[in-house]
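**Q** A predicted structure for the sequence below; I have some questions about it.
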Amino acid sequence: MIDIWSAAAVMAGPRAGAAEDWRAVYDFWFAPGLDDADLDTLRRRVEWWMGGGANAALPPFAPVLAAARAGRLEHWAATPLGRLSLIVVLDQFPRGLSAGTPDAYASDPEALRIAEDGLRNGHHAALARPWERMFSVLPLSHTEGAGHLERLDFVVALAEKIAREVPEHLRPLYEFSVSQARGHRDVIRRFGRYPHRNPVLGRASTPEEEAYLAKGDFVHQRRMPAG
């Protein structure tokens, strides 16, 4: 059971104590116990995050996404964890709630703005856990447009740094994260956009993109090898 506040309360905007409203999103997305998790537990959580496992539990959060898109949750960005929770709402929730539709990507520019502000004001640097740091910069990877390749260079460098710093028994997971970041960078270097979005967004594909789509080896669908 998901413990979230009422939709009416969220849509009402800031109020006394509202600075903590982000906690329901944070606790849902970053489940308690991750600090002490072993590799298999973290692997399962990554599959839940990235493989659509969270999608069935997301509908109660639709009003939260609507509030964020309307600018009613900007106060969350006052703290590092609140900002991270807002990024999750704008970057991750649309992909689960609206998969296969243009709406899945509609909040990317706003998520990117909030993520880049967090890099500038020290909020990203204040995040203590590796998974927090990676989710806080995912909009840099996801958001198409000007500067995308440079943003992905940053994401790759961050992923490499995190992989060097985590305990050795967790390193395979974070090395996989590095390979994913590099894979996304390769796609953007080659095409300047994510061709797998073309059918969803009604974009015409170039002959090279059509060959890539026919192959079907999409970075975002790759899964960490077992064992």
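**A** Yep, that arrived.
**Q** right, and the helix or strand after the lowest-mean-pLDDT helix or strand in the chain?
**A** The element with the least model confidence among the helices and strands of the chain, by mean pLDDT, DSSP states H and E, is helix 7-11, at a mean of 40. Helices and strands here follow DSSP states H and E; after helix 7-11, the next one along the chain is helix 23-29.
**Q** which residues are in contact with Arg193?
**A** If a contact means CB atoms under 8 Å, 6 or more residues apart in numbering, then Arg193 has Glu144, His148, Arg203 as its contacts. Heads up, the C-betas are built off the backbone N, CA and C, glycines and all.
**Q** separation between the spatially closest residue to the last one that is not a sequence neighbour and Pro80?
**A** The spatially closest residue to Arg203, leaving aside those adjacent along the chain, is Arg197, at 7.2 Å (CB to CB, 6 or more residues apart in numbering). Here the distance between Arg197 and Pro80 works out to 30 Å (CB to CB, to the nearest Å).
**Q** who's more crowded, those two?
**A** Neighbours were counted for Arg197 and for Pro80 using other CB atoms under 10 Å; Pro80 has more, 19 against 14.
**Q** report pLDDT for that one.
**A** Pro80 is assigned 98 on the pLDDT scale.
**Q** tell me the contacts of it?
**A** Neighbour list for Pro80: Gly118, His123, His124, Ala126, Leu127 [criterion: CB under 8 Å, 6+ apart].
**Q** would TSV of those residues with distance to Met50 be doable?
**A** Output for those, formatted as TSV (distance: CB to CB, whole Å):
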residue	distance to Met50
Gly118	21
His123	23
His124	20
Ala126	25
Leu127	19
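**Q** narrow the residues you listed to those in helices?
**A** Mapping the contacts of Pro80 onto helices (DSSP state H) picks out Gly118, His123, His124, Ala126.
**Q** for PyMOL, write the select line for the buried members of the contacts of Arg193.
**A** Buried residues within the contacts of Arg193, by 16 or more other CB atoms under 10 Å, are selected in PyMOL with:
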select buried, resi 144+148
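**Q** now the end-to-end length of stretch 195-208.
**A** 10 Å (CA to CA, to the nearest Å).
**Q** any idea how far that stretch is from the middle of the chain?
**A** Distance of stretch 195-208 from the chain centroid (CA atoms, centre = their mean, to the nearest Å) equals 22 Å.
**Q** low-scoring stretches of this structure, by residue?
**A** Within the chain, the segments meeting pLDDT under 70 span 1-20, 227.
**Q** try it again with 90
**A** 1-21, 31-37, 39, 41-48, 50-55, 169, 220-227 (pLDDT under 90).
**Q** against Asn121, how distant is the residue nearest to Arg203?
**A** Going from Arg197 to Asn121 by CB to CB gives 30 Å.
**Q** one more: Gly192?
**A** From Gly192 over to Asn121 the distance is 30 Å, taken as CB to CB.
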